[in-house]
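*Asks:* Next comes the sequence, and after it the predicted model I'd like to discuss.
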Amino acid sequence: MLTTALQFLAACLVHARLAVVVLESVPNLAPAEANSLVPFQLVHCTLDTGTAAPNPGNSSLMNTTKNCLGLLCILACLGAPVFGQQTGTSVGATPGSALHGQKTTATAQKLETSSLRVSCDSVSDVMIVDPRGRRLGDDPKAQAHFDEIPNAYFEAGGLDDDETGEADDDPAKILFIPTPASGDFKLTIFSEKTGNYSCEFLGYDNSGGTSHVELNDIAAKSGDVQTVTLSFSGAPGSKIKVNGLPVSTRTP
């Protein structure tokens, strides 16, 4: 950096000297005195009206003009990079220069968009356990509610009728898990009455692909507790796999 600055200053001095040489070659202007650095002063640039010769101030005009131009060239050369940096101009940004060598690399983190949704009709409650052992849902037998999976939710209230305002007497039980862990999920279904129920599984992988599986008309007795295992991953192309039909684990 210091060597480059010195080379740049030397080039500015050369340009200033060339300007002085050009001025000395102009007719009717006297050569510079040995000590060309004279104080800046206001000099007259008129000619003697009687002799048509330069007035006594012309020698000082020559020296002053050379000094002014020389200083202006130096200040312009030194000030250009500063001005360029302040205004955002790429001064000296030639191919291969340090400015071109500085590149900012931004690595965008890819967001995961996978999710798993479970919806069961005609059941009293449901609970799911993910591959990490975290639970979500209700266990009426243990009189416990679980909300251990981050950002997941369990909905059991259903929707009110738009016309009558009455609540649904047997709403679907919904489990939703964003960015689910990969592996096996254990779903537990609780039944309070004898009859059939259905469950629907909907999965989205990280590329936006969908997977859909349904279990329809599964028989259950009042007080039954049945479990079923399903596998899912957020990897692109992953599909939901239900491992067999629900099996009763607890009966009245």
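*Replies:* That came through fine.
*Asks:* Quick one: the strands in this structure, in order.
*Replies:* With DSSP state E as the definition, the chain shows strands at residue ranges 115-121, 125-129, 135-139, 144-147, 153-155, 173-178, 183-190, 195-204, 210-220, 225-232, 241-250.
*Asks:* The longest one: which residues count as buried?
*Replies:* For strand 210-220, a neighbour-count test (16 or more other C-beta atoms under 10 Å) marks 211, 215, 218, 220 as buried. The way it works is simple: take the backbone N, C-alpha and C, and place the C-beta from them, glycine included.
*Asks:* ditto for the first one
*Replies:* When neighbours are counted by 16+ other C-beta under 10 Å, the buried residues of strand 115-121 are found to be 115, 116, 117, 118, 119, 120.
*Asks:* picking up where we left off before, now the strands of the chain in a markdown table, with mean pLDDT and distance to residue 163?
*Replies:* As requested, these are exported to a markdown table (pLDDT from 0 to 100; distance: least, C-beta to C-beta, whole Å):
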| stretch | mean pLDDT | distance to residue 163 |
| --- | --- | --- |
| strand 115-121 | 97 | 21 |
| strand 125-129 | 97 | 28 |
| strand 135-139 | 96 | 29 |
| strand 144-147 | 96 | 31 |
| strand 153-155 | 95 | 22 |
| strand 173-178 | 97 | 23 |
| strand 183-190 | 97 | 31 |
| strand 195-204 | 97 | 26 |
| strand 210-220 | 95 | 29 |
| strand 225-232 | 96 | 35 |
| strand 241-250 | 86 | 35 |
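*Asks:* Chain neighbours aside, what residue packs nearest to residue 134?
*Replies:* Nearest residue to residue 134, sequence neighbours excluded (C-beta to C-beta, 6 or more residues apart in numbering): residue 148, at 4.0 Å.
*Asks:* tell me the contacts of that neighbour?
*Replies:* Residues in contact with residue 148 (C-beta atoms under 8 Å, 6 or more residues apart in numbering) are 134, 135, 136.
*Asks:* Please verify my assumption that the second one contacts residue 145.
*Replies:* So that's residue 135. No - the criterion here is C-beta atoms under 8 Å, and residue 135 misses it with residue 145 at 9.4 Å.
*Asks:* before we move on, the earlier item: what's the distance between the residue nearest to residue 134 and residue 132?
*Replies:* Applying C-beta to C-beta, to the nearest Å, the value for residue 148 to residue 132 is 9 Å.
*Asks:* Contacts only, for residue 144.
*Replies:* Applying C-beta under 8 Å, 6+ apart, the residues contacting residue 144 are residue 138.
*Asks:* ok, of the contacts of residue 148, which come out buried?
*Replies:* 134, 135, 136.
*Asks:* Could you check how many residues crowd around residue 248?
*Replies:* 15 (other C-beta atoms under 10 Å).
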